[in-house]
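>>> show me how the following folds:
(one chain, ligands or ions: 1)
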Amino acid sequence: MEENIKVIIEQFVDFLLPELNPYETSVYLYLLRNSFLRDGVTEVRVGKRTIATGHGKPQRGEQTAYHHMSEVLKNLEEKGCIKIGDSNREGTLYIVNLPKDIPLVAEKMVSFLSQNKEEDYFNEPEKRREMFERDKWICQYCGEKVAPENVTLDHFIPQSKGGKHSKENLKTCCFICNSIKSGKTYEDAAPFLLKSIQERKAKSHSP
Ligand SMILES: [Zn+2]
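Residues are numbered from 1 along each chain as shown. Model prediction:
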């Protein structure tokens, strides 16, 4: 339950608060306070006057607050925050939507999540291939052609140093260079890479 409330408050602050004016915010929280937060249900029956006085409006302004309240409640309903039900002597029934169930919040959450989902160019076969094509199947360290049999993807900034599976951080790499570069930064690996490249060149030139 407590964890649940933490999530509700986070979603409220991050996604709903920017969409409501201060009065709407205060009425929404009042209804939430007297439904879900109190009883764990999303319904509350209450009189508009009670809501208005619940907001500490002075007696003299009560009538104004009351009229204004209808407008605020209507706005909240239009924004999908609440549903206004029937009225009887005990008041009006309000169905209070939790932030995640409010369409405009749900929409914002989806776009927020998709923005923050990092694309994985290391593990997804199609995306790996995209990297190889980008680098024209050439090892980005020794400049040799690579084939599907010996091609690898190197994390330029190693994963141990926070390097991501991102386009920018992945380089097409031959098996030999990758076994040298693996886990090292480029600066650390460079002398070893150079030595290996020289050795390989010497070998290919010897009869
Ligand atoms: Zn190489």
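
>>> hang on, residue 93 in a helix?
No: counting by DSSP: H, G, I helix; E, B strand; the rest coil, residue 93 falls outside a helix, being strand.

>>> state the three-state secondary structure for the residue lying closest to it once chain neighbours are set aside.
Spatial nearest neighbour of residue 93, chain neighbours left out: residue 85 (3.3 Å); criterion: C-beta to C-beta, 6 or more residues apart in numbering. In this view, the C-beta of every residue, glycine as well, is placed from N, C-alpha and C. Secondary structure, three-state DSSP: residue 85 is strand.

>>> surely residue 85 meets residue 91?
No: the pair residue 85 / residue 91 is not scored as a contact, 10.2 Å apart, by C-beta atoms under 8 Å.

>>> circling back to that earlier point, which ones are touching the residue nearest to residue 93?
When contacts are counted by C-beta atoms under 8 Å, 6 or more residues apart in numbering, residue 85 touches 43, 92-95.

>>> gap between it and residue 13?
27 Å (C-beta to C-beta, to the nearest Å).

>>> try residue 67
Applying C-beta to C-beta to residue 67 and residue 13 gives a distance of 29 Å.

>>> check residue 117 too.
From residue 117 to residue 13 the distance is 22 Å (C-beta to C-beta).

>>> tell me the pLDDT at the closest residue to residue 108 other than its chain neighbours?
Leaving aside its sequence neighbours, residue 108 sits nearest to residue 15 (C-beta to C-beta, 6+ apart; 4.6 Å). With respect to pLDDT, residue 15 scores 93.
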